[in-house]
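Colleague: Below are the sequence and a predicted model; questions follow.
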Amino acid sequence: MVSVGDKAPDFKLRADDGKEYSLGSMKGKKVVLYFYPKDDTPGCTVEACGFRDGISAISGKNAVVLGVSRDTVDSHKKFKSKYSLNFPLLADTESKVCEAYGVLKEKTMYGNKSIGIVRSTFVIDEAGKIAGVISPVKPDGHEKEVLQYL
């Protein structure tokens, strides 16, 4: 996993709005890059809605929120529409960005092992350096925790 002070790995990913987003295009802004396991699941919904409701406080700190999961663009569109999310959801279907940030880990659910995303958030400063890492994340109230790093 990348650490505070590291240069944040750049990426190019397609979002729910059909646009391609890259870290390089965000220079001059702080970026809250949060990785979550799956669209429209209980914890991920709580976390996303927290960011939705706290977006004005985050934006007021010259920051943008980008959500990342391995779900498809179509899945992101449905999730965003269902909960009126007001920030882009990026589709890392090939897991390259998840690997670059070190958020994939072996998980066990109902006795089955799989590789999944450990809920993690990286706050990236205006120069593209990691200013804060929160992992693992507790979804409820997470948006308030992020504000401490901005």
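Modeller: That came in fine, so what should we check first?

Colleague: So what's the gap between the worst-scoring helix or strand of the chain on mean pLDDT and the chain middle?
Modeller: Across the helices and strands of the chain, mean confidence by mean pLDDT, DSSP states H and E is lowest for strand 104-109: a mean of 85. Strand 104-109 sits 18 Å away from the centroid of its parent chain (Cα atoms, centre = their mean, to the nearest Å).

Colleague: Can you list the neighbours in contact with that strand?
Modeller: Outside strand 104-109, the residues within contact range by Cβ atoms under 8 Å, 6 or more residues apart in numbering are Ser95, Cys98, Lys113, Ser114, Ile115, Gly116, Ile117, Val118. To be clear about C-beta, it is placed using only N, CA and C from the backbone, and glycine gets the same treatment.

Colleague: One more pass at 6 Å, please.
Modeller: Residues outside strand 104-109 that contact it (Cβ atoms under 6 Å, 6 or more residues apart in numbering): Cys98, Lys113, Ser114, Ile115, Gly116, Val118.

Colleague: Pull out the buried members of those residues.
Modeller: By neighbour count, with 16 or more other Cβ atoms under 10 Å, the contacts of strand 104-109 hold Cys98, Gly116, Val118 as buried.

Colleague: Now pLDDT and secondary structure too, for those, in CSV please.
Modeller: CSV is the format used below for the buried ones among the contacts of strand 104-109 (pLDDT from 0 to 100; DSSP: H, G, I helix; E, B strand; the rest coil):
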residue, pLDDT, secondary structure
Cys98, 97, helix
Gly116, 91, strand
Val118, 94, coil
